[in-house]
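Engineer: when you get a sec, could you give me coordinates for this:
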Amino acid sequence: MPIEIKELLIRAAVSNGNPQQLNSSGSTSDILRLKKQITKEVTESVLKTLKQKSER
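Structural biologist: The predicted structure is shown next:
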């Protein structure tokens with residue numbers, strides 16, 4: 001059963017190649033927390049969509 005994704009947000013950071021600038025945007029714990037939050041939100045959205053389709 002295909003699932004249509006209606007929103008897609010892509011963010012990119014462009015720098016002059018200095019690796020210190022990349023690490024200053026967030027710590028490792030912040031990145032891990034954000035990844036977990038994104039995973040949770042996507043999972044909830046997919047489960048909601050599947051539930052709606054099964055109710056039809």
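Engineer: Val46 and Ile3 touch, don't they?
Structural biologist: Yes: the criterion here is C-beta atoms under 8 Å, and Val46 meets it with Ile3 at 6.4 Å. Any C-beta I mention is one placed from the backbone N, CA and C, and that applies to glycine too.
Engineer: and Val14, its phi and psi?
Structural biologist: Reported as degrees, to the nearest 10, the phi and psi values for Val14 are phi -110, psi 130.
Engineer: could you pull out the helices for the chain?
Structural biologist: If DSSP state H is used as the criterion, the helices of the chain fall at 19-23, 28-55.
Engineer: compare those and say which comes out lowest on pLDDT.
Structural biologist: Among these, helix 19-23 carries the lowest mean pLDDT, at a mean of 53.
Engineer: about what we covered before: columns mean neighbour count and distance to Leu8 on top of the helices of the chain, output as JSON lines?
Structural biologist: Below are those laid out as JSON lines (neighbours: other C-beta atoms under 10 Å; distance: least, C-beta to C-beta, whole Å):
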{"stretch": "helix 19-23", "mean neighbour count": "9", "distance to Leu8": "23"}
{"stretch": "helix 28-55", "mean neighbour count": "10", "distance to Leu8": "11"}
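Engineer: nearest to the spatial middle of the protein, which residue is it?
Structural biologist: Ile38 (4.1 Å; C-alpha atoms, centre = their mean).
Engineer: can you give me the distance of it to Ser45?
Structural biologist: Using C-beta to C-beta, to the nearest Å, one gets 11 Å for the distance from Ile38 to Ser45.
Engineer: okay, and the common contacts of the two?
Structural biologist: When C-beta atoms under 8 Å, 6 or more residues apart in numbering defines a contact, no residue borders Ile38 and Ser45 alike.
Engineer: state the distance from Met54 to Lys48.
Structural biologist: Just so we're on the same page, residue 54 is Ser rather than Met. 11 Å.
Engineer: pull up the overlap in contacts between those two.
Structural biologist: Counting by C-beta under 8 Å, 6+ apart, nothing touches both Ser54 and Lys48.
Engineer: closest to Ile10 out of the helices of the chain?
Structural biologist: Between Ile10 and the helices of the chain, the shortest separation by C-beta to C-beta is 12.8 Å, and it involves helix 28-55.
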